[in-house]
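Enquirer: Sequence and computational prediction follow.
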Amino acid sequence: MDFFGAETEEQFVEAISGQVYDSVQDCFCTECGYYFGEGEPDLRGITCPECGKPAVEALEEILISGL
Ligand SMILES: [Zn+2]
């Protein structure tokens, strides 16, 4: 095993699942809490289908902005 610098199968699986996790994030509306689904980690400013405000952000963006 020499992928992603992993020395054991466990580290390899961890590296892979880490990449998968980084590619999509759960996205929520910061106004009404509507669960938008999965999207790009830097997704933000998407119009919420529930309340109509451009407040849908990826979880990572929400955590960064401290809401
Ligand atoms: Zn909303």
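Expert: Perfect, thanks for sending it.
Enquirer: Enumerate the residues of this structure near the ion.
Expert: Counting by CB under 5 Å from the ion, the chain comes close to the ion at 29, 31-32, 34, 48, 50-51. In this view, the C-beta of every residue, glycine as well, is placed from N, C-alpha and C.
Enquirer: what distance separates the start and the end of stretch 39-59?
Expert: End-to-end distance for stretch 39-59: 9 Å, by CA to CA, to the nearest Å.
Enquirer: And the contacts of that stretch?
Expert: 22-32, 34, 36, 60-61, 65 (CB atoms under 8 Å, 6 or more residues apart in numbering).
Enquirer: Per-residue pLDDT of residue 61, please?
Expert: For residue 61, the pLDDT comes out at 85.
Enquirer: Figure out the helix or strand that it lives in.
Expert: Here residue 61, judged by DSSP states H and E, is contained in helix 59-65.
Enquirer: Show me what counts as buried in that helix.
Expert: Within helix 59-65, the residues that qualify as buried are 60-62, counting by 16 or more other CB atoms under 10 Å.
Enquirer: now it: how far from the chain's centre is it?
Expert: 9 Å (CA atoms, centre = their mean, to the nearest Å).
Enquirer: need the strands for the chain, in chain order.
Expert: Using DSSP state E, the strands found in the chain span residues 25-29, 35-39, 56-58.
Enquirer: Pipe those strands into JSON lines and attach mean pLDDT and mean neighbour count per row.
Expert: Output for the strands of the chain, formatted as JSON lines (pLDDT from 0 to 100; neighbours: other CB atoms under 10 Å):
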{"stretch": "strand 25-29", "mean pLDDT": "92", "mean neighbour count": "20"}
{"stretch": "strand 35-39", "mean pLDDT": "93", "mean neighbour count": "14"}
{"stretch": "strand 56-58", "mean pLDDT": "94", "mean neighbour count": "24"}
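Enquirer: could you dump the ones you listed to CSV with distance to residue 11?
Expert: Output for the strands of the chain, formatted as CSV (distance: least, CB to CB, whole Å):
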stretch, distance to residue 11
strand 25-29, 23
strand 35-39, 25
strand 56-58, 27
